[in-house]
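In: what's the 3D shape of this:
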Amino acid sequence: MKTEAKKGIVHMVNLLRQSQFMKDKQIPFYINRCFHHQDNTPLVHSHDFIELVYVVSGQADHVFEGESYQIQTGDVFIINPGEVHTYRTKPGEGIEIINCLFTPELIHESLLKELGVSQSMDYYYVHPFLNTRERFHHRLNLMGQASNHVLILLETMISEWEHHRPGYLTLIKLQMLQLLILLSRCYADSTNKEKKSSRSANHTILVRRITGFLERHFDKKMTIPDLCELFNVSSRQLNRVFKQETNQTVTERIHDIRIERAKQYLVEGDDKVIHVAQRVGYEDPAFFTQLFRRRVGCSPGQYRDLHGEVLENTQEIQ
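Out: Below is the predicted model of the structure:
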């Protein structure tokens, strides 16, 4: 037993050892299913083995290394040797969990090589969950098929462990390896989703910034390299992101903004078409007229005649 101080609070920490649970010397492993509620929550403790926890049902606060996090049905996480934790439950609430205790020696390197698994055992229990900067946030919340798969594997291991049928040690090792590989996959999938979501949000912000800039400076001559330098992106990335977010190229977006502003100038003023073209950033009035006709369906002069009359009639009515 030792003393642990976190945020000014002193706790007595119980050290749990392998010998208390792993009675079978043939295999450094133990598994059980239990229910924690307010009257039987474990004391603050650490251990000299790895503990994999799967929350079968309910919710509670997991106090891990002095920080408190809510855990719920479908959560799975790993406590590494030396890490201090416990659970807190509210009156009338509790959690049912499956505890799987083991050490890296459970699955020998020779077995991993024989099965074609190139990574070491450490990869499967450290990589998905261990990050010294953001340790406990790497728990997983499993749902649907993944949750069912993990629960079935754990329940099968419990059955093998309790009944000691012939070959149970081999089955438990294989199922444990299968479980850790499955969790590694789930972690990779969730990380990829987070990265994609983060990238998508960043792309949306980038496109909004660029669009806002284009709307403010529609009358200025600008090129893709100018925008790339201004927003610190490559031309390839700029066009790809813009196409993904708006289904338009940057050039198409510039033309849209300018044509919309030209329509406004044509209806509200009496500038000649050549001057309107210059006001919205086109030096070549012939190109402007051709582009306008292609996008609007009529020439700038026809658009003014049609919509200018509509505007006058509207003003007379008012």
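In: The helix or strand containing Leu206 packs against which elements?
Out: Assignment of secondary structure by DSSP states H and E places Leu206 within helix 168-216. Helix 168-216 sits against strand 94-102, helix 109-114, helix 121-126, strand 140-141, helix 144-163, helix 224-231, helix 235-246, helix 250-268, with contacts defined as 3 or more C-beta pairs under 8 Å, 6 or more residues apart in numbering; DSSP states H and E. Yep, even glycine has a C-beta here, placed from its N, CA and C like the rest.
In: average pLDDT for that helix?
Out: The pLDDT scores in helix 168-216 average 79.
In: re earlier: weakest of the helices and strands packed on helix 168-216 in terms of mean pLDDT?
Out: Looking at the helices and strands packed on helix 168-216, the bottom one is helix 121-126 with a mean of 44.
In: hang on, the earlier thing: can you put the helices and strands packed on helix 168-216 in TSV and add mean neighbour count?
Out: Shown next, in TSV, are the helices and strands packed on helix 168-216 (neighbours: other C-beta atoms under 10 Å):
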stretch	mean neighbour count
strand 94-102	21
helix 109-114	12
helix 121-126	17
strand 140-141	18
helix 144-163	15
helix 224-231	13
helix 235-246	16
helix 250-268	18
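In: Ok, which of these comes nearest Glu65?
Out: helix 121-126 (16.2 Å; C-beta to C-beta).
In: Tabulate the helices and strands packed on helix 168-216 (TSV), appending distance to Ala286.
Out: TSV is the format used below for the helices and strands packed on helix 168-216 (distance: least, C-beta to C-beta, whole Å):
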stretch	distance to Ala286
strand 94-102	75
helix 109-114	72
helix 121-126	65
strand 140-141	62
helix 144-163	61
helix 224-231	23
helix 235-246	27
helix 250-268	14
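In: Please name whichever of the ones you listed is nearest to Phe287.
Out: Of all the helices and strands packed on helix 168-216, helix 250-268 comes closest under C-beta to C-beta, at 10.5 Å.
In: Show me which residues of the very next helix or strand once past that closest one are buried.
Out: Downstream of helix 250-268, the first helix or strand assigned by DSSP H and E is helix 273-279. By neighbour count with 16 or more other C-beta atoms under 10 Å, helix 273-279 contains the buried residues Val273, Val276, Ala277, Gln278, Arg279.
In: From the contact counts, what lies against helix 273-279?
Out: Checked by 3+ C-beta pairs under 8 Å, 6+ apart, helix 273-279 has helix 250-268, helix 285-296, helix 300-317 packed alongside it.
In: Now distance to Gln145 too, for those, in TSV please.
Out: Below are those laid out as TSV (distance: least, C-beta to C-beta, whole Å):
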stretch	distance to Gln145
helix 250-268	42
helix 285-296	49
helix 300-317	57
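In: and of those helices, who's closest to Ile107?
Out: Here helix 250-268 is closest among those (C-beta to C-beta), at 53.2 Å.
In: Please tell me how far that closest one is from the chain's geometric centre.
Out: The chain centroid and the centroid of helix 250-268 are separated by 38 Å, computed with C-alpha atoms, centre = their mean, to the nearest Å.
In: same deal with stretch 52-66?
Out: Worked out by C-alpha atoms, centre = their mean, stretch 52-66 lies 21 Å from the chain centre.
In: What average pLDDT does that stretch get?
Out: Average pLDDT, stretch 52-66: 90.
In: quick one on the thing from earlier: of the buried residues of helix 273-279, closest to Pro28?
Out: Of the buried residues of helix 273-279, the one sitting nearest to Pro28 (C-beta to C-beta) turns out to be Arg279, at 79.1 Å.
In: That concludes my questions; thank you for your assistance.
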